[in-house]
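Chemist: dropping the sequence and predicted coords here.
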Amino acid sequence: MANLGEVIDAASAVVKGMGVTLKEMMAPTVTENYPDEPAKLQERYRGVHELQRDENGMEKCVACFLCAAACPSNCIYIEAAENTEQVRISGGERYAKVYNIDYSRCIFCGYCVEACPTDAITHGHGFEIASYNTSTLIYRKEDMLVKIPEGAKPPVITEHVEAGAH
Ligand code: SF4
Ligand code: SF4
């Protein structure tokens, strides 16, 4: 049989719970009019990835493969190439000549972002990627690479990708 202390504890828990319910009942209803209006996403939302550039416009990715190694879905494919005097794409020795993410497999866990030593890969806010054709879910570097910052003068670039992130 429950003693008085347990009864009081249970009653106060019910009152506390009902307090939360009442507070939420009184709060104004928030309805998002998506897709008529843009969806409001939290800053930390993990959407389609972006491949970042440094202040000089160079690609931050140095093709170290750590993101691919950390990926539990094995959905990152990278081909590395060496920077040369004539072709300099990143600030490191190597750059990602090919960088693909297969969004039919990505679970948006963020492990790749955490693993990256140069902050080259981040999550953007893109989420409208549903497709009936899974081949369109393989995003290439050109799809994810951010634009060269305005005013940036990359030291040497004889080959670059003109693209905006999704
Ligand atoms: S978010 Fe997760 S599953 Fe998606 S590419 Fe990065 S590590 Fe892989
Ligand atoms: S995105 Fe980052 S972790 Fe992945 S290969 Fe490039 S530098 Fe390495």
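Modeler: Yes, it's here. Since the structure is predicted, the reported quantities are computational estimates derived from the model, not experimental observations. Ligands and ions are numbered 1, 2, ... in the order given.
Chemist: could you pull out the buried residues of the helix or strand harbouring Val113?
Modeler: Using DSSP states H and E, Val113 sits in helix 111-115. Residues Tyr111, Cys112, Val113, Ala115 are the ones in helix 111-115 that count as buried (16 or more other Cβ atoms under 10 Å). C-beta: built from backbone N, CA, C; applies to glycine.
Chemist: how about stretch 29-44?
Modeler: Buried residues in stretch 29-44 (16+ other Cβ under 10 Å): none.
Chemist: ends of that stretch, how far apart?
Modeler: 23 Å (Cα to Cα, to the nearest Å).
Chemist: ok, residues contacting that stretch?
Modeler: If you take Cβ atoms under 8 Å, 6 or more residues apart in numbering as the criterion, stretch 29-44 is touched by Gly47, His125, Phe127.
Chemist: restricted to buried residues, select the residues you listed in PyMOL.
Modeler: Selection command for PyMOL covering only the buried members of the contacts of stretch 29-44, criterion 16+ other Cβ under 10 Å:
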select buried, resi 47+125
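Chemist: is ligand 2 contacted by stretch 34-49?
Modeler: No - in terms of Cβ under 6 Å from any ligand atom, no part of stretch 34-49 sits within range of ligand 2; the closest distance is 8.8 Å.
Chemist: leaving out chain neighbours, which residue sits closest to the residue sitting nearest the centre point of the chain?
Modeler: Nearest to the mean C-alpha position of the chain, by Cα atoms, centre = their mean, lies His123 at 1.4 Å. With Cβ to Cβ, 6 or more residues apart in numbering as the criterion, His123 has its nearest non-adjacent residue at 4.2 Å, and that residue is Arg46.
Chemist: over to Cys71?
Modeler: Cys71's closest residue in space is Cys112 (Cβ to Cβ, 6+ apart), at 5.5 Å.
Chemist: tell me where this protein has helices.
Modeler: For the chain, the helices defined by DSSP state H occupy 4-26, 66-70, 111-115, 141-144.
Chemist: hmm, Thr118 is touching Lys60, no?
Modeler: Yes - under the criterion of Cβ atoms under 8 Å, Thr118 makes contact with Lys60 at 4.7 Å.
Chemist: what are the bridge partners for the residue nearest to the centre of the chain, then?
Modeler: Note on His123: beta-bridge partners by DSSP bridges are His49.
Chemist: all good on my end, thank you.
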